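K.L.:
just the structure for this:
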Amino acid sequence: MKALKTIGIILAVLLVILIVLGFIAPKDFNVERSIVIDAPNEMIFPYLQSFEKQKEWTPWQERDPEMQTEIIGTDGTVGAINRWKSKVEGNGEQEITVIVPNERIESKLRFSGMGESNAILITSDTDGGTKVTWNMNGRSPFPWNVVGMFMNMDKMLGNDFDEGLNKLRNMIESMPKTYRGYTVQEMDAPVQYFIGYREKIKMDELTSERFGIYLPKVFAAVGAAKIEIIGNPCGLFFMWDEEANQVDLAYAVPVKAKAEIKGFDTFEVPAGKLLLIDYYGPYTGTGEAHFAMDDYMKEHNLEQNPPVWEQYITDPTTEPDTAKWLTKVYYPVKNK
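P.N.:
You can find the predicted model right below:
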């Protein structure tokens, strides 16, 4: 009985100590790590925003290949939840609460029996690429705040952050660099010839119907002249002035050799460096591919050497799905 009494006293004392430590132990925690990745923000951000893409670089899935995960809602949007069960990493869920494109993603982390914390991923442009900051903060409920007194939370979780961020950097930097999600191909092109009809019009007058009027006339004239066509129809752009609301363009076809047809224009593009983006989608969305070209030229100290052109590979009369329409965007360029 004396032994039991002694054990009871010891347990009571330990309980008192535990309660006292619960009052004095820090309840707030904050862990943060950063890394600089040599890639544009637009290339990195999707790998932070999507739960599925996070699995490619965060360390926990790799530690437990048998981890069970479930995404509730639309991945990569506010309100989406990633729920997991793991014998190695525990159970919990993460809910996206804030997305500021190419700036930050905020979410709530809920660990079974351990309360709730905040997770924040921040991106910003910096010398050498994009800075990615990974932060987790919150309050540790009793008794976990006491446990934290005997564990280096910053080192333990910070090591996981360092591991994940380094894997993200290695993964991104080994990928072909993209601009606004597009891969820019650079090539040396021979001299190229086009025959078409050129006009200056207001920007709001430029419609697919206008292409439908002039391109058949160009094809008919070139065919009648027995000139060899070597590719799909194109729109050649010599000037695009949003302030003046004007566009100078030609509805044209590429031909094998230089030739003249009365009533139509002949265009010669000198041999030189050429940039190419493959754009898939409706014609109204090609502007983003042109913006990507601007980003690429700025980074590589290049300037366009008009005309630039769009080549329309997919026939919209035979393919109703606009997402499958391929437009090749070409930019002749020269060094500044």
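
K.L.:
pLDDT on stretch 291-310, on average?
P.N.:
For stretch 291-310, mean pLDDT is 95.

K.L.:
what are the buried residues along that stretch?
P.N.:
292-293, 295-297, 302, 304, 307-310 (16 or more other C-beta atoms under 10 Å). No exception for glycine: its C-beta is placed from N, CA and C like everyone else's.

K.L.:
again, but for stretch 81-91
P.N.:
Here stretch 81-91 shows 81-86, 91 as buried, counting by 16+ other C-beta under 10 Å.

K.L.:
next, give me the two most distant ones among the buried residues of stretch 291-310.
P.N.:
Asp295 and Pro307 (20.2 Å; C-beta to C-beta).

K.L.:
rewinding a little: quick check: the farthest pair among the buried residues of stretch 81-91?
P.N.:
Maximum pairwise distance among the buried residues of stretch 81-91 (C-beta to C-beta): 16.1 Å, between Ile81 and Ser86.

K.L.:
the buried residues of stretch 81-91 in helices, which ones?
P.N.:
Per DSSP state H, helices hold no members of these.

K.L.:
Throw those into TSV and include pLDDT, thanks.
P.N.:
Output for the buried residues of stretch 81-91, formatted as TSV (pLDDT from 0 to 100):
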residue	pLDDT
Ile81	97
Asn82	96
Arg83	95
Trp84	93
Lys85	93
Ser86	91
Asn91	92
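
K.L.:
and the host helix or strand of Met156, what's buried?
P.N.:
Assessed by DSSP states H and E, Met156 sits inside helix 153-173. For helix 153-173, burial by neighbour count (16+ other C-beta under 10 Å) applies to 153, 157-158, 160-161, 163-165, 168-169, 172.

K.L.:
domains in the protein, as residue ranges please.
P.N.:
24-175, 183-335 (automatic domain parsing).

K.L.:
rank these by pLDDT, which is bottom?
P.N.:
Averaging pLDDT over each of the domains of the chain puts domain 24-175 lowest, since it has a mean of 87.

K.L.:
correct me, but Met136 touches Leu109?
P.N.:
Yes: taking contacts as C-beta atoms under 8 Å, Met136 lies within contact range of Leu109: 7.2 Å.

K.L.:
give me the common contacts of the two.
P.N.:
The contact sets of Met136 and Leu109 overlap at 117-119 (C-beta atoms under 8 Å, 6 or more residues apart in numbering).

K.L.:
which of those residues are buried? Put it as a PyMOL command.
P.N.:
Typed into PyMOL, the next command selects the buried ones out of those (criterion: 16+ other C-beta under 10 Å):
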select buried, resi 117+119
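
K.L.:
in strands, which of the shared contacts of Met136 and Leu109 appear?
P.N.:
Using DSSP state E, the members of those that fall in strands are 117-119.

K.L.:
partner strands of the helix or strand containing Ile195 and their direction?
P.N.:
In this structure, Ile195 sits in strand 192-202 according to DSSP H and E. Strand 192-202 has the following strand partners under DSSP bridges: strand 246-255 (antiparallel), strand 265-269 (antiparallel).

K.L.:
let me know which of those is the nearest to Gln185.
P.N.:
Set against Gln185 and scored by C-beta to C-beta, the strands paired with strand 192-202 come closest in strand 265-269, at 16.7 Å.

K.L.:
what comes up buried for the closest one?
P.N.:
Applying 16+ other C-beta under 10 Å to strand 265-269 flags 265, 267, 269 as buried.

K.L.:
restricting to C-alpha, output that strand in CSV.
P.N.:
Provided in CSV are the C-alpha atoms of strand 265-269 (Å, rounded to 0.1, in the frame of the first residue of the first chain):
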residue,chain,number,x,y,z
ASP,A,265,0.6,41.5,-102.0
THR,A,266,3.8,39.5,-101.8
PHE,A,267,5.7,39.4,-98.6
GLU,A,268,9.3,38.2,-98.0
VAL,A,269,10.5,37.4,-94.5
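
K.L.:
beta partners of Ile72?
P.N.:
With DSSP bridges as the rule, Ile72 is bridged to Ile81.

K.L.:
that one: neighbour count?
P.N.:
Applying other C-beta atoms under 10 Å, we find 13 other residues in the vicinity of Ile72.

K.L.:
quick one, strands of the stretch 51-200 of the chain?
P.N.:
68-72, 81-85, 92-100, 104-111, 115-126, 129-139, 178-179, 182-183, 185-189, 192-202 (DSSP state E, counting those that start in this stretch).

K.L.:
which residue, neighbours along the chain excluded, lies closest to Glu70?
P.N.:
Arg83 (4.7 Å; C-beta to C-beta, 6 or more residues apart in numbering).

K.L.:
isn't Arg110 up against Gly92?
P.N.:
Yes: counting by C-beta under 8 Å, Gly92 is a contact partner of Arg110 at 5.6 Å.
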